[in-house]
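*Asks:* turn this into a model:
(2 chains)
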Protein chains: 2
Amino acid sequence: MTATSTQHHNETRIVADPGLPTIVITREFEAPPARVFRAYTDPDLVRRWLGPRRLEIRIERYDARTDGSYRFVHVDRDGTEYGFRGVFHEVRPVDRIVQTFSYEGFPDGVSLETAAFEDLGGRTRVTTTSVMASIEARDAMIASGMETGLRESYERLDELLTETTSDESSTG
Amino acid sequence: MTATSTQHHNETRIVADPGLPTIVITREFEAPPARVFRAYTDPDLVRRWLGPRRLEIRIERYDARTDGSYRFVHVDRDGTEYGFRGVFHEVRPVDRIVQTFSYEGFPDGVSLETAAFEDLGGRTRVTTTSVMASIEARDAMIASGMETGLRESYERLDELLTETTSDESSTG
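*Replies:* Just a heads-up that it's a prediction; the model follows:
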């Protein structure tokens, strides 16, 4: 409602409705949807931003197309590995990605995640809705510390999008 | 709590919690988990029970394994086709199937479905939990008439399991 509110459009907004087993995450990026979508679907770009900086990522498979699947491993400094996997229900360029997600250490905690890419005129708003089978499962996801990792991932994505802006303007 | 309650163990129980975007369906079958699980994963068996009797089914793909996908079409008597599709997040014999599901006429209404197979000592209880992104989406699924189709599907599955009991006892 004030002039200064526009300074915060790159804030990560996380809403966990107390009455619904969902997490709704909103974030804006300084790049058009095509470029943000590519950063979500090209494994060579995904590996550069997904997860907190302190973890290495090893992408075993990232077949980001409708009916495809993915698996990646985060590796801690002491060598501990954390595997994550899922399937892509739909990858619809440059509009929407619907996928499942689970941590292999707790394989029964599966979430369904929808990322919607909205064109703000050269900028992009990504709204990610995760839904789980129960409010307890949702609360466990929040308690796992996802929020810190998520904010850091998005900062890394900001950096990547800044880099690829110059890359792409020279080649295309 | 009464002696007669056991006469109703093959009833289909459908619970749609007013406060959660879920549908929980419970049904018991007169066959052990391995046989019920096979009826859920072998496309030659799936085609014999999935859907109401008045519709023909054409299974385009039914790759019921972890990271697999499926698509089938129900065909009405006037030739109208209704396509359904999704991906298998996990197929864990003979315990659990987690898959996505959507009707192609409304591709954004995706649900995450978990079928759990519980051994009751020669009989099997299947509990299917469907979760959607909103209570409105869940209510639309209920309003689509899923309940009639579901009860009829399970009756057809009862019949199939009776048939395969004699088949399997002669071969295995």
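*Asks:* mind listing the strands for chain A?
*Replies:* A:13-15, A:22-29, A:56-62, A:69-75, A:81-92, A:96-103, A:111-119, A:124-131 (DSSP state E).
*Asks:* and the first one, which strands flank it?
*Replies:* Which is strand A:13-15. Partners of strand A:13-15 in the sheet, by DSSP bridges, are strand A:22-29 (antiparallel).
*Asks:* cool, the last one as well?
*Replies:* The pairing partners recorded for strand A:124-131 under DSSP bridges are strand A:22-29 (antiparallel), strand A:111-119 (antiparallel).
*Asks:* ok, residue A:98 touching residue B:109?
*Replies:* No - counting by C-beta atoms under 8 Å, residue A:98 stays clear of residue B:109, with 10.6 Å between them. (Each C-beta comes from the backbone N, C-alpha and C, glycine too.)
*Asks:* so these two - more neighbours on which side?
*Replies:* Between residue A:98 and residue B:109, residue A:98 has the larger neighbour count (other C-beta atoms under 10 Å in any protein chain shown), namely 26 against 18.
*Asks:* give the contact list for residue A:112.
*Replies:* A:89, A:98-101, A:130-132, B:100, B:110-112, B:131, B:133 (C-beta atoms under 8 Å, 6 or more residues apart in numbering or on different chains).
*Asks:* now swap in residue A:50 and tell me
*Replies:* A:57, A:72, A:153.
*Asks:* residue contacts, the first one?
*Replies:* Going back to what we said before, that points to residue A:57. Under the criterion of C-beta under 8 Å, 6+ apart, the neighbours of residue A:57 are A:47, A:50, A:51, A:72, A:73, A:74, A:75.
*Asks:* and residue A:59, how close does it get to residue A:44?
*Replies:* According to C-beta to C-beta, to the nearest Å, residue A:59 and residue A:44 sit 9 Å apart.
*Asks:* which of these two has more residues huddled nearby?
*Replies:* A count of neighbours by other C-beta under 10 Å puts residue A:59 above the other of residue A:59 and residue A:44, at 14 against 10.
*Asks:* that one contacts residue A:72, correct?
*Replies:* Yes - counting by C-beta under 8 Å, residue A:59 sits close enough to residue A:72 to count as a contact (4.6 Å).
*Asks:* touching both of the two, which residues are there?
*Replies:* A:46, A:47.
*Asks:* what's the local residue count around residue A:93?
*Replies:* Neighbour count for residue A:93, taken as other C-beta under 10 Å: 14.
*Asks:* skipping its backbone neighbours, what lies nearest it in space?
*Replies:* residue A:37 (5.9 Å; C-beta to C-beta, 6 or more residues apart in numbering or on different chains).
*Asks:* okay then, goodbye and thanks.
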